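K.L.:
sequence below, structure please.
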Amino acid sequence: MKAIIVQDNQRGLLFRHGKFVRMLEPGRHWLYGGRQAEILSVEDPLRSEFCPLEQLLEDPAIARATASVEVADQQLALHYVNGAFQEALCKGRYAFWNLRGEHTFRLVDTTNPEIGPEVPAYLLARLSSALYQRVDVEDYQKARLYFDHQLQRVLDGGRYYFWRNGVLVEADMVDTRLTQLNVTGQEILTRDKVSVRINYVCSYRITDWVKVLTEIDDYTEQLHVAVQLALREFVGVQRLDELLESKEQLSAQVLARLREKAPALYLEITDGGVKDIILPGEIREIMNTVLVAEKRAQANVITRREEVASTRSLLNTARLMEENRTLMRLKEMEYIERICENVGNISLNGNGDLLAQLQQLLERHAS
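P.N.:
Prediction:
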């Protein structure tokens, strides 16, 4: 005979010759005649090493002392103790002692991969990441949602949760912001067989986030090719001089061609233009030489024009002074004044006209 003691926070399972007999309440119990006991904590789930849970729950005393739940395939049980969330239970049968708190359960169907509002986000934050996956979509994005590679719908900006229930969930992000495409270094022959390189830039945004993927193979490459063809269409029929003079016309025509093509690519072209027209090295040197020659010719013309104007002004002045002696004397005094500003001392005698003496003195210095 053997005595065992079951504490207040414990319950015992009595077995006789390996067969479950009954539940043991707190207190002292004697074991004899092939009897044995398994002591369990009421803080832990009901689980025996010697007897299946289903058989234990058939005992009325155990059934009254516990709360049980059975979770089927494609289900999840949210476990609460006294209204507070504790854990999520996957497929199986569970039983918990109701002796230290009230255990309740809420079954959630996980057949649909998308988690509905019945499971709030704060609960998901406490679940294991092995049970669900999260998809974050920024405000400037759209997301194409796929279940097992089949398109379901387009997600707007926000946070979404999906059960890991065997269905492959994928989200393909699409940027809805205005995007810039740079087409650089396009070598094109003009009508006079000069090879030029053109850099073009355009801005676009996607108008249909589903069809741009399902009906168009690499829309950026398609747009790139459309820019190349539009450039060649215009440049190929222009001579180099005409091309350099019609840069704005080139930008406008290419932009018009792209806007015609854009609806078929499910794009909207907002703006576009030619950034640079780059000439070959030898052509650039020739153009620079021509430009220098033109500027020099313009400078010579301006110089000759100014010389003619200056000579004509002098001639007019001379005629006026020849006709008006007073004006001539005033002019002489003006020049004498300028000379005196740069002369330290001037000696004159008292005979004769002052201006005449200064004139004679200046003529003497000049000789």
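
K.L.:
what's the weakest-modelled helix or strand in this structure?
P.N.:
Every helix and strand in the chain was compared by mean pLDDT, DSSP states H and E; the lowest is helix 354-366, with a mean of 59.

K.L.:
once you drop chain neighbours, what's closest to residue 17?
P.N.:
Leaving aside its sequence neighbours, residue 17 sits nearest to residue 34 (C-beta to C-beta, 6 or more residues apart in numbering; 4.6 Å). For glycine as for every other residue, the C-beta is placed from the backbone atoms N, C-alpha and C.

K.L.:
if I look at that neighbour, how far off is residue 148?
P.N.:
57 Å (C-beta to C-beta, to the nearest Å).

K.L.:
so which residues of the stretch 151-300 of the chain form helices?
P.N.:
211-214, 219-235, 240-245, 247-265, 281-323 (DSSP state H, counting those that start in this stretch).

K.L.:
make JSON lines out of the ones you listed and add mean neighbour count and distance to residue 22.
P.N.:
Listed next are the helices of the stretch 151-300 of the chain as JSON lines, based on neighbours: other C-beta atoms under 10 Å; distance: least, C-beta to C-beta, whole Å:
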{"stretch": "helix 211-214", "mean neighbour count": "14", "distance to residue 22": "66"}
{"stretch": "helix 219-235", "mean neighbour count": "17", "distance to residue 22": "74"}
{"stretch": "helix 240-245", "mean neighbour count": "16", "distance to residue 22": "102"}
{"stretch": "helix 247-265", "mean neighbour count": "17", "distance to residue 22": "77"}
{"stretch": "helix 281-323", "mean neighbour count": "10", "distance to residue 22": "103"}
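
K.L.:
just put these in JSON lines and tack on mean pLDDT.
P.N.:
JSON lines is the format used below for the helices of the stretch 151-300 of the chain (pLDDT from 0 to 100):
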{"stretch": "helix 211-214", "mean pLDDT": "89"}
{"stretch": "helix 219-235", "mean pLDDT": "92"}
{"stretch": "helix 240-245", "mean pLDDT": "84"}
{"stretch": "helix 247-265", "mean pLDDT": "92"}
{"stretch": "helix 281-323", "mean pLDDT": "73"}
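
K.L.:
mind checking which of those is nearest residue 8?
P.N.:
Residue 8 lies closest to helix 211-214 among the helices of the stretch 151-300 of the chain, at 65.0 Å (C-beta to C-beta).

K.L.:
elements contacting the closest one?
P.N.:
strand 169-175 (3 or more C-beta pairs under 8 Å, 6 or more residues apart in numbering; DSSP states H and E).

K.L.:
again, only this time at 10 Å
P.N.:
Helix 211-214 sits against strand 141-147, strand 169-175, helix 219-235, with contacts defined as 3 or more C-beta pairs under 10 Å, 6 or more residues apart in numbering; DSSP states H and E.

K.L.:
which residues touch the second one?
P.N.:
Counting by C-beta atoms under 10 Å, 6 or more residues apart in numbering, the neighbours of strand 169-175 from elsewhere in the structure are 113-114, 132-133, 135-138, 140-152, 154-155, 160, 162-163, 205-206, 209-210, 212-213.

K.L.:
just the buried members of these?
P.N.:
Buried subset of the contacts of strand 169-175 (neighbour count, 16 or more other C-beta atoms under 10 Å): 113-114, 132, 135, 137, 141-146, 155, 160, 162-163, 206, 209, 212-213.

K.L.:
which residues are in contact with residue 21?
P.N.:
Shown in contact with residue 21 (C-beta under 10 Å, 6+ apart): 13-15, 35-37, 59.

K.L.:
output these as CSV; include the columns neighbour count and distance to residue 68.
P.N.:
Below are these laid out as CSV (neighbours: other C-beta atoms under 10 Å; distance: C-beta to C-beta, whole Å):
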residue, neighbour count, distance to residue 68
13, 22, 16
14, 17, 20
15, 19, 21
35, 16, 26
36, 15, 25
37, 16, 22
59, 17, 12
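
K.L.:
so which of the residues you listed are in strands?
P.N.:
13-15, 35-37 (DSSP state E).

K.L.:
outline the domain layout of the chain.
P.N.:
Residue ranges for the domains of the chain, per automatic domain parsing: 2-101, 121-175, 179-279, 285-323, 335-367.

K.L.:
could those domains go into CSV alongside distance to residue 109?
P.N.:
Converted to CSV, the domains of the chain look like this (distance: least, C-beta to C-beta, whole Å):
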stretch, distance to residue 109
domain 2-101, 6
domain 121-175, 9
domain 179-279, 28
domain 285-323, 76
domain 335-367, 109
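
K.L.:
is residue 85 in contact with residue 103, as I believe?
P.N.:
No: counting by C-beta atoms under 10 Å, residue 85 does not reach residue 103; the two are 11.7 Å apart.

K.L.:
compare neighbour counts for the two and give me the winner.
P.N.:
Applying other C-beta atoms under 10 Å to residue 85 and residue 103 shows that residue 103 carries more neighbours, namely 20 against 15.
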